[in-house]
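Peer 1: Quick one, what's the 3D model for this:
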Amino acid sequence: MTLDYGMLDGRRPYYRVGDPDGDPLFVLPGLSDAFQRGAPSRGTAVVLSRLYREFSDRDVWVVGRRRHLSVGSSTRDMAASYATVIDEQGLWPADVIGVSMGGLVAQYLAADYADYVDSLALVSAASRLGGHGEQVIRDWRQLAGKSKWADILADAERESATGTKRTVAPFLIELAGIFADLRPAVPADVVVSLSACLEHDSRDRLGDIDVPTLVAAGDADHFFPEPRLRETKDGIDDATLALFKGVGHNLAVSETDELNGITRRFFEGFRDNALYP
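Peer 2: You can find the predicted model right below:
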């Protein structure tokens, strides 16, 4: 099994797990990518290998955004940058998974660079944020300007998780913030990323996505409520909605096995809607 990690061109973190001889699977991570404090590590590579064990026979690349993003960079700009990576690494056509913010970027990747994308899975992402999600992201951007990193990370758990984790995790993060420096490696990238999420609205480009697309999310997602998810599904010609009952924005980590099983079957061409929650 591959367990590779590092920085592409010294500016973009990546992890590579699974079978290097398998078909490529390209994963765009969520907003948490901008909050990373250190260099890519073996420990994270091991975690990702477990997270994507359903795809252990695939050549799985989890690739972050470039560090030191230009001010004003949009999700479409980021998609263009990802297309360069896919081209340079010879990974096309790839099945693509975009998680949260990564799902926003992936919409433009599929719309603008169709030759690079075989199938698409948008996980906890839609064509635009819901009203509550917009307000939360604005609040985080203000907190980022004040370097209130623990406050942002704690609130992210409150807004994303369900059950006991919604109360326990924020407390632990706030406690950690007292004793540790939670500052991201490039604080300005957080502000740029938050602004890109706020400005994202792909409604006029959904019709340009002509690959099979899975829209998978929880029906308790605070950032992308069900009407936004259905709007996204309806705007793409060949799209399927998998709605997980009682699940929040942290679908990718709270329902990993079920989500990855559904995603794999979708990529393999299985379209029986009875399988989808």
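Peer 1: isn't residue 210 right up against residue 238?
Peer 2: Yes. Between residue 210 and residue 238 there is a contact under CB atoms under 8 Å: 7.2 Å. (C-beta placed from N, C-alpha, C; glycine too.)
Peer 1: Show me what the least confident helix or strand in the chain by mean pLDDT is packed up against.
Peer 2: Ranked by mean pLDDT, DSSP states H and E, the weakest helix or strand in the chain is helix 165-179, scoring a mean of 73. If contacts are counted by 3 or more CB pairs under 8 Å, 6 or more residues apart in numbering; DSSP states H and E, helix 165-179 sits against helix 149-160.
Peer 1: now the helices: where do they sit in the stretch 51-200 of the chain?
Peer 2: Taking DSSP state H, counting those that start in this stretch, the helices of the stretch 51-200 of the chain run over residues 75-88, 101-112, 131-145, 149-160, 165-179, 187-199.
Peer 1: how about these, which one is nearest residue 51?
Peer 2: Closest of these to residue 51 is helix 101-112, at 13.7 Å (criterion: CB to CB).
Peer 1: picking up where we left off before, tabulate the helices of the stretch 51-200 of the chain (TSV), appending mean neighbour count and distance to residue 252.
Peer 2: Formatted as TSV, those follow (neighbours: other CB atoms under 10 Å; distance: least, CB to CB, whole Å):
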stretch	mean neighbour count	distance to residue 252
helix 75-88	18	18
helix 101-112	27	10
helix 131-145	16	17
helix 149-160	21	10
helix 165-179	14	14
helix 187-199	20	17
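Peer 1: Of the ones you listed, which shows the lowest average pLDDT?
Peer 2: Across the helices of the stretch 51-200 of the chain, helix 165-179 has the smallest mean pLDDT, namely a mean of 73.
Peer 1: what comes into contact with that one?
Peer 2: Defining contact as CB atoms under 8 Å, 6 or more residues apart in numbering, one finds that helix 165-179 is touched by 149, 150, 151, 153, 154, 155, 157, 158, 161, 182, 248.
Peer 1: Show me the shaky parts of the chain.
Peer 2: 171, 271-277 (pLDDT under 70).
Peer 1: rewinding a little: can you say which of the helices of the stretch 51-200 of the chain is nearest to residue 269?
Peer 2: helix 101-112 (17.3 Å).
Peer 1: how far does the closest one sit from the chain's center?
Peer 2: Put simply, helix 101-112 sits 10 Å off its chain's centre (CA atoms, centre = their mean, to the nearest Å).
Peer 1: Packing partners of it?
Peer 2: Secondary elements touching helix 101-112 (3+ CB pairs under 8 Å, 6+ apart): strand 24-28, helix 75-88, strand 94-99, strand 117-123, helix 187-199.
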